[in-house]
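>>> structure of the sequence below:
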Amino acid sequence: MAAEAAVALVEAGMLVGLGTGTTAAHAITALGRRAAEGLAVRTVATSLATARAAEAVGLAVLDFADCAAVDLCIDGVDEIDPMLRAIKGGGGAMLREKIVASSATLNVAIADGSKRVAQVTRSVPVEILPFARSSVLAALGRLGGEAVLREGKRSDQGNLLADCRFADMGDLPALAASLSAVPGLLGHGIFLDEIDRLIVARDGLVERCDRPLPQMKA
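Next up, the predicted model:
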């Protein structure tokens, strides 16, 4: 239901970013159905798996390397708080997802009700340059993180993937900044301000939440 509501936002001629994962897969199916009914739309994919799924339902998939921006991006989340700050990357595509999301005029997250939390607490997925594996893992430890590599798993870029649990995630902006500053850590799954709108389905109802406006200082 959330995916259908998000896909209803797509208009003819749009370039649509398609996320990765089980929730995003519903959006791909729904958009493919609309395209089959005559909607002229082009897409970019955040992973090779998403590209294959989109092409399988008849969607035109462009190379994002040739696209400076997209009109609308639709993707799932692993957890999301009331300020629309999220943890993403369960499927290992958080780097590409963040790039496409940041380029979108409107970035929409879709989820079931279980993904909404008062405060995000999940492990943070990270993408690591293989050359820097040991130094990055050591740096994550100094930041208070306990990182576990995903054995046998690589990103579409051929990089290592790990999940890093932090005992204290109360200051997400500070944690995100610290992770971004680690040489060799190429991407992380903390999404601070990329999500503009959340569409949640729970108990047969769909709720839409837009990003809260920043509070003005006194």
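>>> and the biggest helix by length in the chain, what does it pack against?
In the chain, with assignment by DSSP state H, the single longest helix is helix 22-36. Helix 22-36 makes packing contacts with helix 2-7, strand 15-18, helix 48-56, strand 70-76, strand 104-112 when contacts are defined by 3 or more CB pairs under 8 Å, 6 or more residues apart in numbering; DSSP states H and E. Every C-beta, even on glycine, is put in place using the N, C-alpha and C of the backbone.
>>> which of those sits closest to Arg208?
The minimum distance between Arg208 and the helices and strands packed on helix 22-36 falls on helix 2-7, with 7.4 Å, by CB to CB.
>>> now tell me what touches that closest one from outside.
Residues outside helix 2-7 that contact it (CB atoms under 8 Å, 6 or more residues apart in numbering): 23-24, 26-27, 29-31, 34, 74, 108, 110-112, 199-201, 206, 208.
>>> ok, now with 10 Å
Outside of helix 2-7, the residues within contact range by CB atoms under 10 Å, 6 or more residues apart in numbering are 16, 23-34, 39, 41, 72-76, 106, 108-113, 115, 197-202, 206-208.
>>> just the buried ones from these, in PyMOL syntax?
If you want just the buried ones from those in PyMOL, going by 16 or more other CB atoms under 10 Å, the selection is:
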select buried, resi 16+23+24+25+26+27+28+29+30+31+32+34+39+41+72+73+74+75+76+108+109+110+111+115+197+198+199+200+201
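>>> thanks a lot, see you next time.
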